[in-house]
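In: model this:
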Amino acid sequence: MKKFIIFMLILCFLVGVFLVVKPSIHTATQEELQAITGIGEVMSEDIISYLTDNKRAKIEDLEDVKGVGCETIRKLEEVYSD
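Out: The predicted model follows:
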C-alpha cells in the first residue's frame with residue numbers, strides 16, 4: 001500500500017508538471033513585465049497599452065511596440081502564452 005501511495009504521488013507530480021499552463025500575456029501586470037530582464041517601466045507601459053488596444057494580439061505582434069525585439073519576444077514567450 002505504501003508503494004502504491006508513493007507511486008500515485010509521483011504520478012500526480014509528473015502529470016502536474018506537464019499540465020502547467022502559462023498565464024496569458026493579456027493579464028500581465030506592469031510589475032510582472034518589469035521582472036523580465038530588459039523590460040523597464042516605459043516598455044511595460046507600452047506593452048500593456050498595445051495589448052489593451054489590440055485584444056487579439058499575439059506575443060509576436062509585440063514587435064510593433066517600440067524597443068521590443070526578437071530577444072524580448074523570446075523572453076516573453078518563455079513566461080506567457082498568447
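In: Would you mind measuring from the spatially closest residue to Asn54 that is not a sequence neighbour to Gln34?
Out: Excluding the flanking residues, the one nearest Asn54 by Cβ to Cβ, 6 or more residues apart in numbering is Asp61, at 6.7 Å. Where you see a C-beta, it was placed from the backbone N, CA and C, and this is true even at glycine. Distance, Asp61 to Gln34, using Cβ to Cβ, to the nearest Å: 20 Å.
In: what do you get for Phe4?
Out: Taken as Cβ to Cβ, the span from Phe4 to Gln34 is 46 Å.
In: So these two - more neighbours on which side?
Out: Gln34 (16 against 8; other Cβ atoms under 10 Å).
In: I'd say that one and Val42 touch.
Out: No: if you go by Cβ atoms under 8 Å, Gln34 and Val42 don't touch, sitting 10.1 Å apart.
In: Glu31 is in what secondary structure piece?
Out: Here Glu31 is covered by helix 30-34, with elements defined by DSSP states H and E.
In: Next SSE downstream of that helix?
Out: Next along from helix 30-34, by DSSP H and E: helix 41-53.
In: counting contacts, what elements does that following helix pack onto?
Out: helix 30-34 (3 or more Cβ pairs under 8 Å, 6 or more residues apart in numbering; DSSP states H and E).
In: got the buried residues for the helix it packs on?
Out: 33-34 (16 or more other Cβ atoms under 10 Å).
In: And the contacts of that helix?
Out: 39-41, 43-45, 47-48 (Cβ atoms under 8 Å, 6 or more residues apart in numbering).
In: mean confidence score for the top helix by length along the chain?
Out: What stands out as the longest helix in the chain, according to DSSP state H, is helix 2-18. For helix 2-18, mean pLDDT rounds to 76.
In: With stretch 23-31 instead?
Out: According to the model, stretch 23-31 has a mean pLDDT of 94.
In: and it, how far apart are its ends?
Out: End-to-end distance for stretch 23-31, by Cα to Cα, to the nearest Å: 14 Å.
In: Much appreciated, bye for now.
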